[in-house]
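S.K.: Okay, sequence plus prediction incoming.
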Amino acid sequence: MKPSVASLYQAVELQQEIPPLLIGERANANGSKKFRELLLADDYQACLKIAVEQEAKGAHVIDLCTAYAGRDELADLTTLVRMCANALKAPLMIDSTTPACIEACLRIYPGRAIVNSINLEDGGVNIRRICRAAKKYGAAVVALTIDAQGMAMTCDDKVRIAKAIHAVAVDECGLRPKDLLFDCLTFTVGSGDETLRDAAVQTLAAIRRIKLELPGCLTVLGLSNISFGLAPQARRILNSVFLHEAVEAGLDAAIVDAAKIVPLARIPASDREICLDLLYNRQIEGEKSPLMRFIDHFSGQQAAGGQEEEDAGKKTEEQLFQKVLNGDKEHLEDLLAILRERFKPIAIINQILVPAMRHVGELFGKGELLLPFVLQSAEVMKASVNLLEPFMDKTEGTAATSILLATVQGDVHDIGKNLVDIILSNNGYKVHNIGIKVPAETIIEKAKELRADLIGLSGLLVKSALVMQDSMPQYREAGLTIPILLGGAALTPKFVAESCVPEYGGPVVYCNDAFAGLKAVQEFEAGTLRSTVFDDATTLRPMKPGIKTSVVDRTNPVPQTPFKGQRYVEDIDPRELFPLINMQALFRGRWGYRRGKMGAREYAELIQDTVQPLYEGLQRRSFEEGWIQPKVSYGYFSCYSEGDALIVEANESTYRFSFPRQAEPPFLCIADYFKTGNEGGDIAGFFIVTIGNRIGEEIARLYQANAYHDYLMLHGFSVELTDALAEYWHGVMRREMGIGGQRPQELHGAITQDYQGSRYGFGYPACPDLEAHKPLFAFLRPEAIGISLTENMQMVPEQTTSAIVAHHPHAKYFAV
Amino acid sequence: MGTSLERYICANCGYIYDPALGDPMNAIAPDTEFADLPEQWVCPMCYAFKDQFDPLD
């Protein structure tokens, strides 16, 4: 009787009249991204559909593999085997290396299945258990030519291992030769790797010998490995030609994407010849290597894939390095699969990916690569690591230096800390990012629990710098001595060196940006990390710009306002805000598209081809998806100044705003712009504006999805949009007060305050103290439009800003 | 002349330093090239240092 397998519905001969037997490969969590994603979403019905669809495309048997890190393989596989048993006419190939899973599936499968697979990798333990199960339930078995030394590369090794497996499976466990399908493995001829040049030759020779030397046994091959790393269209042709050659050599079955096999008759002779030259490694005197000729040949046929074929000529290591450098995620999975044939995942990370990211960091440091591109590189790194992780032992990589990251208590700002996370974790370090608003007690507890090697603290505002300073003794008293890295806009090397370093026992280091953080971690590893030292002599003392007149004339008239008290406004069209977005600050500042060393023309092209479309896309999407929900609470209130304070009358009570005064000439203070009680009192405007929390949710989603580049872009956009809303509302209030009625003609007028009056943001240089939010919230009551305060007076959502509006003609920006 | 009177823009806030105008807020006289501004000079609008400035065009 001819060897065959069977489903509930039909028997299928393993040796087809027109070989080979086609085994559909798409229902495989490792081989098919689509299938994996459906599985991860627990969508078994859709997984089943992928299995079923292959029947119509010509598959005789369907391979089913659900092994994936983090999934319960036993539950997934038995569930899908049950479903396939009912729905599939084709017999099933149970693809697992776990004996318990195989046994469970054979027990429930109502036909004769094929088990994929056994090998001698563990010296012969699993093979015996699986073969006995196959014998018991009557299954065929795929045997891979792998032993304790690894995958067999040469014909001799493949045959030797096949014979060893035969001895165990047939002689010892009682399987019949016709129950065995030997897969003598194939490796790519598309990588340019010298040692793999004759990979096809070795495999074809092994098939011949196994058919001859192990009579009655069958052969099978995972076909597509032969062409990893080549362009998709060229792969189809090469796979099909190789299949034909393998069948000629005696191949009985092939694991393939049945839909992608091209009948030999439809392949032009010239294509066939070039494929055969590559497969048989035929060098032609005076011509390029067979691989280069193959690439040249097929690149001529398809203009679109130029880059890919160029890549194929390079060594795969270099290709991956380049992908990181270029921020290119295309075909990563294939490339990594090739590299995994030769390297352990941890070696791919440490020897290719991390050096590539180091190089990216160096280019950024030299001003030759802009931040958005660095983030795209980090995305490639992250995606690669995610693809490699399922193949890594759990213990691998735990030796990496670990860093605990947190934004300090009361501070909601995420982005600085997250950029540090992105840069460190994608340079091979272990980062524990424990979020925002984290109290020192929690940071200490986590640092001990996770045995962190360093702590990184972040915080945007002045208040957060003080929180860092105040918590230093707490870290010391908790017995910590590991280095603490500090980062945030309000910090200076002087502050860190003089106010933080003396309060802690270990090194305390000021980090200007994420790359300074990376440098600090590298220094820690080298044993050279030292506390920040402040050198007074070499430090720049910034000039203090501003109006130099110190006498503010307060004989100006008090404007009429349409109302007094507080009002909410929630019907603002987001499109009104777009013209007020400070695009220069957004592009160059927030996004990091600086001109730097670029030529004027090159920069203009970058803006026109990349940045401007990005900006317009964000405008469109944010409008269409309703990310922008502008809301305002504002009002006009009677007031009078009293020294450095402004006394505001609202809700039949008074609120005191204390403003700081400059310590040097011209000694400006915001209170000076308002009349005193004796001068008849004055009127002050206040506002709190927000673009809502929807955009913040979208930003968080992008970060979670490791879309670093888009994350930075949308965050920057949201910040500038919030400022545009403040500028817009300031304009409304100036109009209502009848001062500088018309809007500045262009945005630059707003930047240089080309109008009467000024808005002073709380937390900004003229009034850095956020304590003013306490009285402000008492009478603007922004809780009703979804705005709240943290314990150190920051507003939530982050895309919120507040200001006092002064109508005085001399009122302009200054810093205290 | 040409490049010497090149305008520079603050990447943080968008303020444009125009050498022809100088910077009255910092008592910088007209016709002062960006390169000749003192190292401790800061943006008169947002107080960013010179290294935050980009050539405008």
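M.R.: Received, thanks. Numbers count the residues shown, from 1 in each chain, chains lettered A, B, ... in the order given.

S.K.: Leaving out the residues flanking it, which one is nearest to the residue nearest to the spatial centre of chain B?
M.R.: Nearest to the mean C-alpha position of chain B, counting by C-alpha atoms, centre = their mean, stands residue B:17 at 3.5 Å. Once flanking residues are discounted, residue B:17 sits nearest to residue B:8: 4.7 Å by C-beta to C-beta, 6 or more residues apart in numbering or on different chains. The way it works is simple: take the backbone N, C-alpha and C, and place the C-beta from them, glycine included.

S.K.: Show the contacting residues for the one you found.
M.R.: B:16-17, B:34, B:53-56 (C-beta atoms under 8 Å, 6 or more residues apart in numbering or on different chains).

S.K.: cool, residue A:795 as well?
M.R.: Applying C-beta under 8 Å, 6+ apart, we find residue A:795 in contact with A:688, A:690, A:773, A:782, A:787-789, A:801-802.

S.K.: Please tell me how far it sits from chain B.
M.R.: Applying C-beta to the nearest C-beta, to the nearest Å, the value for residue A:795 to chain B is 20 Å.

S.K.: What score does residue A:309 have for pLDDT?
M.R.: At residue A:309, the model reports a pLDDT of 39.

S.K.: And the one 3 residues further on, by the same measure?
M.R.: Per-residue confidence (pLDDT) for residue A:312: 47.

S.K.: Out of the contacts of residue A:795, flag the one nearest to residue A:124.
M.R.: Checking the contacts of residue A:795 against residue A:124 with C-beta to C-beta, the nearest one is residue A:788 at 65.1 Å.

S.K.: What's the local residue count around that closest one?
M.R.: The criterion is other C-beta atoms under 10 Å in any protein chain shown. On that basis, residue A:788 has 12 neighbouring residues.

S.K.: show me where pLDDT drops low in chain A?
M.R.: A:300-314, A:394-398, A:547-550, A:740-752 (pLDDT under 70).

S.K.: for it, longest strand please?
M.R.: The residue-count maximum for a strand in chain A (DSSP state E) belongs to strand A:631-642.

S.K.: Show me what the next helix or strand after it is packed against.
M.R.: Proceeding N to C from strand A:631-642, the next assigned helix or strand is strand A:645-650, under DSSP states H and E. When contacts are defined as 3 or more C-beta pairs under 8 Å, 6 or more residues apart in numbering or on different chains; DSSP states H and E, strand A:645-650 sits against strand A:631-642, strand A:653-658, strand A:682-690, helix A:773-780.

S.K.: would TSV of the ones you listed with mean neighbour count be doable?
M.R.: Formatted as TSV, the helices and strands packed on strand A:645-650 follow (neighbours: other C-beta atoms under 10 Å in any protein chain shown):
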stretch	mean neighbour count
strand A:631-642	22
strand A:653-658	16
strand A:682-690	24
helix A:773-780	19
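
S.K.: now for the ones you listed, which one comes closest to residue A:33?
M.R.: Residue A:33 lies closest, by C-beta to C-beta, to one member of those: strand A:682-690, at 39.4 Å.

S.K.: Can you report how many residues lie near the closest residue to residue B:29 other than its chain neighbours?
M.R.: Nearest non-adjacent residue to residue B:29, counting by C-beta to C-beta, 6+ apart: residue B:22, 5.0 Å away. By other C-beta under 10 Å, the residues close to residue B:22 number 16.

S.K.: residues touching residue B:22, list them.
M.R.: Contacts here follow C-beta under 8 Å, 6+ apart; on that basis residue B:22 touches B:28-32.

S.K.: Can you name the two of those that sit furthest apart?
M.R.: Largest pairwise distance in the contacts of residue B:22, by C-beta to C-beta, is 9.9 Å, between B:28 and B:31.

S.K.: Tell me the residues of chain B that contact chain A?
M.R.: Within chain B, the residues that sit near chain A (C-beta under 8 Å from any C-beta of the partner chain) are B:9-16, B:23, B:25-27, B:38-45, B:47, B:49, B:52, B:54-55, B:57.

S.K.: on that earlier part again, most surrounded residue in the contacts of residue B:22?
M.R.: residue B:28 leads the contacts of residue B:22 on contacts (other C-beta under 10 Å) with 20 neighbours.

S.K.: What residues of the helix or strand harbouring residue A:346 count as buried?
M.R.: Element membership for residue A:346 (DSSP H and E) is helix A:345-348. Within helix A:345-348, the residues that count as buried by 16 or more other C-beta atoms under 10 Å in any protein chain shown are A:345-346, A:348.

S.K.: got it, and stretch A:243-250?
M.R.: Quick answer for stretch A:243-250 (16+ other C-beta under 10 Å): A:243-247, A:249-250.

S.K.: So which of those are in helices?
M.R.: In this view, those that belong to helices under DSSP state H are A:243-247, A:249.

S.K.: ok now do residue 6, which residues does it touch?
M.R.: Looking at chain A here, since you left the chain open. Residue A:6 makes contacts with A:12, A:91, A:111-112, as judged by C-beta under 8 Å, 6+ apart.

S.K.: wrong chain, I was asking about chain B
M.R.: Applying C-beta under 8 Å, 6+ apart, we find residue B:6 in contact with B:19, B:34, B:55-57.

S.K.: And it, its phi and psi?
M.R.: The phi and psi values for residue B:6, taken as degrees, to the nearest 10, are phi -60, psi 140.

S.K.: State the pLDDT value of it.
M.R.: 88.

S.K.: Please report the distance of it from residue A:332.
M.R.: Remark: distance between residue B:6 and residue A:332 (C-beta to C-beta, to the nearest Å) = 42 Å.

S.K.: ditto for residue A:75
M.R.: 29 Å.

S.K.: So for the two, which sits in the more crowded spot?
M.R.: Taking neighbours as other C-beta under 10 Å, residue A:75 and residue A:332 compare with residue A:332 leading, 18 against 12.

S.K.: For the more buried one, give me phi and psi.
M.R.: Main-chain dihedrals, residue A:332, degrees, to the nearest 10: phi -60, psi -40.

S.K.: That one reaches residue A:384, doesn't it?
M.R.: Yes. Assessed by C-beta atoms under 8 Å, residue A:332 is found in contact with residue A:384 at 5.9 Å.

S.K.: intersection of neighbour lists for those two?
M.R.: residue A:320.

S.K.: ok, which stretches of chain B are strands?
M.R.: Ranges of strands in chain B, per DSSP E, are B:8-10, B:16-17, B:53-55.
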